[in-house]
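Novice: Sequence and computational prediction follow.
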Amino acid sequence: MMDQHKHSRWSFIRDMGMERKLLLVFLVIITLPLSIISIISFKSYSESIQANTVAYSEKLIDQMMDGIDDYIEDMKRISSMPAYVNDIKQNLIASNRYYEQKKMTQGDHGNAGVAPGDFDLLLSIQRGIEGNISFINNIKRGTNSVYIFDAYGNGYYSAKDGGVRLDLDQSYAFWTEQAKDSSGEALLFGTQAYTTNLQSTRYAYTVVRKIVDSLWNPVGLIAVEANISNMETQVAELDRVTRGKSLIVDEKGKVIYDSDQKLLTKDISQTPLFRGAQGAAGSFYDTVSGKERLNIYSSSSKTSWKVIISIPVDELTRDVKLTRNATLAATLIIIVLALFISIVLSFALTKPLTQMIQLMKRVQGGDLDVNFRVKRRDEIGLLGHQFNRMLARIRQLIQDIYRIEEQKKEAELHALQSQINPHFIYNTLESIRMTAEINDDVEAADMISILGKLLRYSTSELSGRTTMKQELLYVRNYVELLGCRYPGRFVLQIDVPEELDHYSIIKLVFQPIIENAAYHGLDDSKEHMHLSISCEITSQKLLFHIRDDGCGMEQATLDKLNDDLKRESPPKKSINGGIGMKNVHQRLQLNYGAAYGIEVFSKLGEGTDVILSLPLPPYRSASESETEGSQPD
């Protein structure tokens, strides 16, 4: 069994054409080495890219942290300004003295009122302190708010953007508790969320420092607060360069800032990401949602804050993949060149057969006007001679079939045309009979007169062509005949441009549709049934909308009707109606082509819209001049 399989495989290779054998050799010789080189290069380059990314990202993180550290150092320097501004200390001392005296007064005399001149004193203190705060705010761009408190917790502040903490008392209590053991050094607090007096939630980090007098006695507290928006630009630039997401946390794992701002103030100390970032700097891999990430981190020696960048490995290897794709493209180009060389080498032997194959492909594509030039008397020459004889015979057969199909088409046209007249006459005679019985023949004369016009129009000229004006006049006569049977029930409106009056059209395309609407769409609950014919001229064809406001039809009935129209089987004759729509559709396609015909749109209870498409004018046929003289009386 194995020997048979091996023999079959070698037999397949042995029976291959010469060009294919050469192609196979070139593919093996070129593709195999290039594939090995590409795999090794891809792996080596990928590792190099990741190593360079780690080193470069650590440098960017250090630069960003240096900027943040400098900003925080500026905030600390600003917090030390009250120690050098005597006006601030004097006003704080005056505020402490006033509230100390007030406390003593309330303790001795109960709830004592404000002494005369107190308002002026308090206003002077407030203006003095807040004026200096405004000056401090203008020193450093980006500072959000500066708060100064006296020893009794009375706050003075001036916010740049007008947003002041609503939880100022709680914040002061927290800052005082944290700074009670300090001796005037600056304390840094991470990001906190707070609600402003503008009813908006904001996030900020704060530098807090005790204010002491010349004897190092505490006289108040200053809090310099910066909005996290100061970090956005630097973090966004870092994310853009590294194509990752950044996270800034303090030494306890509380989030200071993150790129998506979804983890602000959250504690992530128990997460694998924070636990993996051990030490001052480094990198590690993890997997989130099935995607591998490279995490690079570095810490600030001044604030102990840590920046962690998470970069998807797919982003790291994107450039590597581009290189790989370029290598593959180069490989394909080389293979194509090799194929071209092999074809050139084998062309001398296979040229006659190649020409024969090309001619056969052209014949397969429908081009029968080809001829093989016989230059030899060998087997290839004999094959070419027989090929030419076969094509000549095929061309003759196609001409015969074409002639037969033309005759068949003409017979089908006459057959379809002949179906309408009996179908229409039966309905008309029935209308005359019923009207004669009901009205004692008073209206019969008028109906017969109209019927005579309709019959002369429909039976004259076997070619079946007329003008748009005469076709629409035929429709008006038919609706007038319907009005004799159903007085006042039908209202016809025709909106077709006069420029189409002489448009050449086959007969009886509108009347069967109007007849179908009148007999199958009539809604007895409505006093009148409105029928309309309008024309829409598009860039491709003429679209005639034949609308009625009758009972419409269900979706299943509509789908069946449109499916029947698409079928190529001829309509069945019936004196009970039902052939008009398909008759018109098939005659339109036989005369103008498969791109034209009718399509039906309808909703139950809302009426029906039949769209009839015709070629754009001018449309002329060989029989138009003969039919323009045929007009109904």
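Specialist: Done, it's in. Numbers count the residues shown, from 1 in each chain.

Novice: Work out the sheet partners of the lengthiest strand in the chain and label each with its direction, please.
Specialist: Criterion DSSP state E: the longest strand present in the chain is strand 201-212. Strand 201-212 has the following sheet partners, assigned by DSSP bridges: strand 187-195 (antiparallel), strand 218-227 (antiparallel).

Novice: Can you tell me which of the ones you listed is most buried?
Specialist: Stretch with highest mean neighbour count among the strands paired with strand 201-212: strand 218-227 (a mean of 23; mean count of other C-beta atoms under 10 Å). Where you see a C-beta, it was placed from the backbone N, CA and C, and this is true even at glycine.

Novice: Need the mean per-residue confidence for that one.
Specialist: Strand 218-227 carries an average pLDDT of 84.

Novice: List the contacts of the helix or strand just after it.
Specialist: Sequence-wise, the next helix or strand downstream of strand 218-227 (DSSP states H and E) is helix 229-242. Helix 229-242 is contacted by residues 53, 57, 60-61, 64, 67-68, 71, 142, 245-246, 248, 256-257, 259, 296, 309, 311 when judged by C-beta atoms under 8 Å, 6 or more residues apart in numbering.

Novice: Report the buried residues of helix 229-242.
Specialist: The neighbour-count check on helix 229-242 (16 or more other C-beta atoms under 10 Å) flags Asn230, Met231, Gln234, Val235, Leu238, Thr242 as buried.

Novice: cool, stretch 197-214 as well?
Specialist: Within stretch 197-214, the residues that count as buried by 16+ other C-beta under 10 Å are Arg202, Tyr203, Ala204, Tyr205, Thr206, Val207, Val208, Arg209, Lys210, Ile211, Val212.

Novice: next one: stretch 541-559
Specialist: Leu542, Phe544, Ile546, Arg547, Asp548, Asp549, Gly550, Cys551, Gly552, Met553, Leu558.

Novice: I'd like the distance between the fifth one and Asn295.
Specialist: Spelled out, it's Asp548. The gap separating Asp548 from Asn295 is 71 Å, by C-beta to C-beta, to the nearest Å.

Novice: just the third one next, same as before
Specialist: Distance of Ile546 to Asn295, given as C-beta to C-beta: 70 Å.

Novice: what mean pLDDT does stretch 352-362 have?
Specialist: On average, stretch 352-362 scores 76.

Novice: Could you do stretch 105-124 as well?
Specialist: If you average the pLDDT over stretch 105-124, you get 63.

Novice: That one: end-to-end distance?
Specialist: End-to-end distance for stretch 105-124: 21 Å, by C-alpha to C-alpha, to the nearest Å.

Novice: pLDDT-wise, which helix or strand of the protein ranks last?
Specialist: Every helix and strand of the chain was ranked by mean pLDDT, DSSP states H and E. The lowest is helix 624-627, at a mean of 40.

Novice: re the thing from before, out of the buried residues of stretch 541-559, what pair is the most spread apart?
Specialist: Farthest-apart pair in the buried residues of stretch 541-559 is Leu542 and Cys551; separation 28.3 Å (C-beta to C-beta).

Novice: Narrow the contacts of helix 229-242 to those in helices?
Specialist: Among the contacts of helix 229-242, DSSP state H puts Thr53, Ser57, Leu60, Ile61, Met64, Gly67, Ile68, Tyr71 in helices.

Novice: Pull the number of nearby residues for the fourth one.
Specialist: Going back to what we said before, that points to Ile61. For Ile61, the neighbour count with other C-beta atoms under 10 Å is 24.

Novice: so what's it closest to, chain neighbours aside?
Specialist: Distance criterion C-beta to C-beta, 6 or more residues apart in numbering; nearest residue to Ile61, sequence neighbours excluded, is Ser298 at 4.2 Å.

Novice: can you give me the helices in the stretch 1-150 of the chain?
Specialist: 2-14, 18-79, 86-109, 118-137 (DSSP state H, counting those that start in this stretch).

Novice: so which helix or strand takes in the residue nearest to Ser304 when sequence neighbours are not counted?
Specialist: Closest residue to Ser304 apart from its sequence neighbours, by C-beta to C-beta, 6+ apart: Glu251 at 4.2 Å. Using DSSP H and E, Glu251 falls within no helix or strand.

Novice: wait, what's in contact with Glu251?
Specialist: So Glu251 contacts Ser304, Trp305, Lys306 (C-beta under 8 Å, 6+ apart).

Novice: pretty sure Leu168 contacts Tyr156?
Specialist: No: using C-beta atoms under 8 Å as the test, Leu168 is too far from Tyr156 to be in contact (10.7 Å).

Novice: which neighbours do these two share?
Specialist: Common contact partners of Leu168 and Tyr156 (C-beta under 8 Å, 6+ apart): Tyr147.

Novice: between these two, which one's more packed in?
Specialist: Tyr156 (24 against 17).

Novice: mind checking the SS state of the more buried one?
Specialist: Secondary structure, DSSP: H, G, I helix; E, B strand; the rest coil: Tyr156 is strand.

Novice: Just give the nearest non-adjacent residue to it, would you?
Specialist: Ile129 (4.2 Å).
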